[in-house]
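[1] Here's a sequence, model it:
(chains A and B)
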Protein chains: 2
Amino acid sequence: MTEIRRCAVVGAGVIGGGWAARLVLNGLDVAVFDPHPDSERRVRVMLENASRIFSKLALAARPEPGSLRFAASIADAVRDADFVQESAPEREELKRALLAEIDAHAPNDALVCSSTSGLLPSRLQSDMRHPDRFLVGHPFNPVYVLPLVELCGGGRTAPEAIARAQEFYRWIGMRPLVVRKENDGFIADRLLEALWREALWLVKEDFATVEEVDDAIRFGAGLRWAMFGTFLIYRLAGGEDGMRHFMAQFGPALKLPWTKLTDVPELTDELIDKIASQSDQQAGGVGLRTWEIRRDDGLLAIMQALKTLGIGAGRVLGDYERSLDARAAHGRSIAGTPDPSEPLRLHKGVVQPDWVDYNNHMTESCYLQAFSDATDAVLHCIGVDEGYLAGGNSYFTVETHIVHRQQAMALEPFYVTTQVLNADDKRLHLFHRLHNGHDNTVLATGEQMLLHVDTRAGRVCAAGDEMVERVRALAAAQAALPRPDQAGRSVGRR
Amino acid sequence: MTEIRRCAVVGAGVIGGGWAARLVLNGLDVAVFDPHPDSERRVRVMLENASRIFSKLALAARPEPGSLRFAASIADAVRDADFVQESAPEREELKRALLAEIDAHAPNDALVCSSTSGLLPSRLQSDMRHPDRFLVGHPFNPVYVLPLVELCGGGRTAPEAIARAQEFYRWIGMRPLVVRKENDGFIADRLLEALWREALWLVKEDFATVEEVDDAIRFGAGLRWAMFGTFLIYRLAGGEDGMRHFMAQFGPALKLPWTKLTDVPELTDELIDKIASQSDQQAGGVGLRTWEIRRDDGLLAIMQALKTLGIGAGRVLGDYERSLDARAAHGRSIAGTPDPSEPLRLHKGVVQPDWVDYNNHMTESCYLQAFSDATDAVLHCIGVDEGYLAGGNSYFTVETHIVHRQQAMALEPFYVTTQVLNADDKRLHLFHRLHNGHDNTVLATGEQMLLHVDTRAGRVCAAGDEMVERVRALAAAQAALPRPDQAGRSVGRR
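    Down below sits the predicted model:
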């Protein structure tokens, strides 16, 4: 795969523009048609956003981007396309007309997909001469990031077209979900629309503002939805008694006016059996405890990822951690300041989810990142702060030696201890140990030589007397510590 | 804060047990009452799960856990409590009776909260003698992980009780959301119930299995819900024209039968104005482009976090990355091989804007990133590819020595040349030079020792004959190259 090389995007608003970006970044040539006068500029901005995220999205080798061309008509856009994605506004007559035009001008074997969120493919394809190669491929915004694409064929769609689309969408990094029975809203939008309509009621009747509605989602159930959806989560909420228990316990609540959706299916034995047995199948014979651990690890990973960006539940977690630290520091300040004759313990953190490779091992450069952060903490401690840098002085690392001993895994806490091996007017010689935060084992060591520099002249120079005194005092306080085995070692020699 | 030291948990199923765990792990003493014979064991299992996750949750100093005691009656559990959390099944009469009993035995100034998902606090408090200290504190499962707690007072709740609860819940790491107007289902459960009831219809009418419903959420909208909720996401979907445009565009879809929730509010100018202005307020004057970047970074961070655990969208991302790598490797093998008697030139790039510090100097760890990428390229070249890794073998870096010579700046092109210093059945000794792409000067050197490992056993082992022959041949081809000055050097010695 793939025999698809040339794509056409018809309708290039937020959705169509997102498609264009995803396709181009997968190395495909794309022709865009949209009558909006500002469309080209908007698509180019979106491609820029997408390139930015794509360069981080896949750590893997990325293909050379394909070409992007703006066509003057539908005929021009689709003329030599292998694949056409229509993303016009959600009006049936409009889409039918556009699809008929696409159909008339595209090569006969081109695949034609519509981005509609819920219109019926059987109706959309009704004016096409080749309706067999048409289906719905419904994406989610931002199209260049989110993997889901719902596939739904109409009455005249060929099964081969669905299979081809599935393979193609997967090839460009997406997750196709084939809707087996055509229906208004497919699967995802039925859920989204129910939630959205309820949200409109909440705001209309002043039970909540738009921000409160968003908060009610993103600090709670939204975190679960991101990883598990809804049924699996409720299965676990049933505890050791599982899905049947959950249904029995929350069945009566279906009669309560907890939503404007009051037309509810009756919980017959048949429906309960169906849900419970499908749920058993979904759980795949894996036990409750294992699923709970997966769920908890996943939720935590999401929160920690959001913490690095200061968003939503991640920000709550960060604030909580800081408050715990403050409470503990309150305890510590009674206990006194750290002992300078011991290795300094100034830097700690958690292995970030994007620091690991696909084996869940922390990548090499992140070990150096941890050591480098620890060096910064030491520098801060001796007064190399913003003011010092602004004065045109700094310390630069000129040499580093790292010895790896054990792997660090994602989400593991770590801390660094630092021993000052030596210091004079120009040099600062540090030795770091990276420890596992759970059991204190040493994961890696990092020896670094720093030189004091005049940053304006761009050359090494002696530090001022005050700084020299401070670094010498620190080195003297640690002089009695045993010299680490790995210090002074060169690569490959013991 | 907090004056609360002793807590009681009445009803200890999945929700009550989760409360007990969160409270104990925040250093509070907890008494539990639940008539279920197996309750104590179940709570202890939950505490174990929670301790596990809590040890990773906050890197910060964690308090000593509080005590956990199982009481024989409600009276015994709440006798000396400062705070009581009721989590009985969702039956109004049952909860009313329990709350009356709690009220009768708890100290007068104890705060009393109910975990109900949607019953009205005004009704729940009606049999209490001190209804002023009662309110709803509705959490989300797992209670010891998710931050959201909805607070809702009844007609006789004192404002001080809500303020106290808010402070207390925040103190134990949660995110209180105060519901301003009492209503069935509060805010969150109205949204959850709408989605849940729709999901039941989808399964009942065979449009989807429970697993397909979950997939329709977790690969798409669920990822957005985790960070932003729904209104902010739709504001961004409106593109440069914002919330008004979105409402205008999707307004007509509200009339479509895309959900069983067909009782929809009319989109009057008044409602549109209200939503648009609340949305402006939520966006806080921050522009579209900035919000898009936050959204994309957040979604990517979530997917990367899930990738480390192989869950949902994270697994899709991991598979995609591997397939990109496989395609790239395929391309490389076609390109032909370089002259093996010269240093290998397999990796090049441009210093990315986020690789530099505020002085526009490439950060230390990015030098190692460049060397590490070059090492990967060498490994790829000798056949350490996906298949090789899948077979349980790999090379791991055990030691690195970096010497910095000049600064690299943002957007400068660079390339790496690699000399193979030595190789045997287990070892591969490489020496990299990072060059400025404009003038070829050497910016830094990186010497690395790699060992061949059995990744399943997690220990060093000899490579297979074929691999050993290949690395030896490469080392032999380069044996005539002069040995680099920096090779074999240790930190601080010339």
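[2] Can you pull the poorly scored residue ranges out of the stretch 51-200 of chain A?
    Where the stretch 51-200 of chain A drops to pLDDT under 70, the residues are A:57-61.
[3] mind running it again at 90?
    A:52-64 (pLDDT under 90).
[4] show me where it has helices.
    Using DSSP state H, counting those that start in this stretch, the helices of the stretch 51-200 of chain A run over residues A:74-78, A:92-105, A:121-124, A:159-171, A:188-204.
[5] Identify whichever of those helices lies nearest to chain B.
    helix A:188-204 (3.9 Å; C-beta to the nearest C-beta). In this view, the C-beta of every residue, glycine as well, is placed from N, C-alpha and C.
[6] The closest one: which residues count as buried?
    A:188-204 (16 or more other C-beta atoms under 10 Å in any protein chain shown).
[7] SS state for the residue lying closest to A:Lys426 once chain neighbours are set aside?
    With sequence-adjacent residues excluded and distances taken as C-beta to C-beta, 6 or more residues apart in numbering or on different chains, A:Lys426 is closest to A:His452, at 5.0 Å. The local conformation at A:His452, judged by DSSP: H, G, I helix; E, B strand; the rest coil, is strand.
[8] in the stretch 351-494 of chain A, which spans are helices?
    All helices of the stretch 351-494 of chain A, identified by DSSP H, counting those that start in this stretch, fall at A:364-381, A:386-390, A:465-477.
[9] Contacts only, for A:Ile217.
    By C-beta atoms under 8 Å, 6 or more residues apart in numbering or on different chains, A:Ile217 lies in contact with B:188, B:191, B:225, B:229-230.
[10] wait, A:Val384
    A:Val384 makes contact with A:393-395, A:467 under the criterion C-beta under 8 Å, 6+ apart.
[11] Out of the residues you listed, give me the one that has the most neighbours.
    Using other C-beta atoms under 10 Å in any protein chain shown as the neighbour test, the contacts of A:Val384 are led by A:Tyr395, with 25 neighbours.
[12] number of nearby residues for the residue nearest to it when sequence neighbours are not counted?
    Distance criterion C-beta to C-beta, 6+ apart; nearest residue to A:Tyr395, sequence neighbours excluded, is A:Leu450 at 4.3 Å. Using other C-beta under 10 Å, A:Leu450 has 23 neighbouring residues.
[13] neighbours of the nearest residue to A:Arg129 once chain neighbours are set aside, just the number please.
    Distances taken as C-beta to C-beta, 6+ apart put A:Asp103 closest to A:Arg129, at 5.7 Å, once the chain neighbours are dropped. A count of neighbours around A:Asp103, defined by other C-beta under 10 Å, yields 21.
[14] The buried residues of helix A:188-204: which ones sit near chain B?
    A:188-204 (C-beta under 8 Å from any C-beta of the partner chain).
[15] how close does the residue nearest to A:Lys426 sit to A:Leu267?
    74 Å (C-beta to C-beta, to the nearest Å).
[16] Equivalent analysis for A:His347, please.
    From A:His347 over to A:Leu267 the distance is 55 Å, taken as C-beta to C-beta.
[17] Same check on A:Val213?
    According to C-beta to C-beta, A:Val213 and A:Leu267 sit 28 Å apart.
[18] the more surrounded of those two?
    Legend: neighbour count by other C-beta under 10 Å for A:Val213 and A:Leu267, higher for A:Val213 (29 against 18).
[19] Would you confirm that the more buried one contacts B:Ile187?
    Yes - here A:Val213 reaches B:Ile187: they are 6.4 Å apart, a contact under C-beta atoms under 8 Å.
[20] Next, show the common contact partners of those two.
    When contacts are counted by C-beta under 8 Å, 6+ apart, A:Val213 and B:Ile187 are jointly contacted by A:Leu202.
[21] Can you tell me the closest non-neighbouring residue to A:Ile172?
    A:Asn26 (4.6 Å).
[22] show me what contacts the one you found?
    By C-beta under 8 Å, 6+ apart, A:Asn26 lies in contact with A:63, A:66, A:171-173.
[23] Contact partners for A:Pro252?
    B:90-91.
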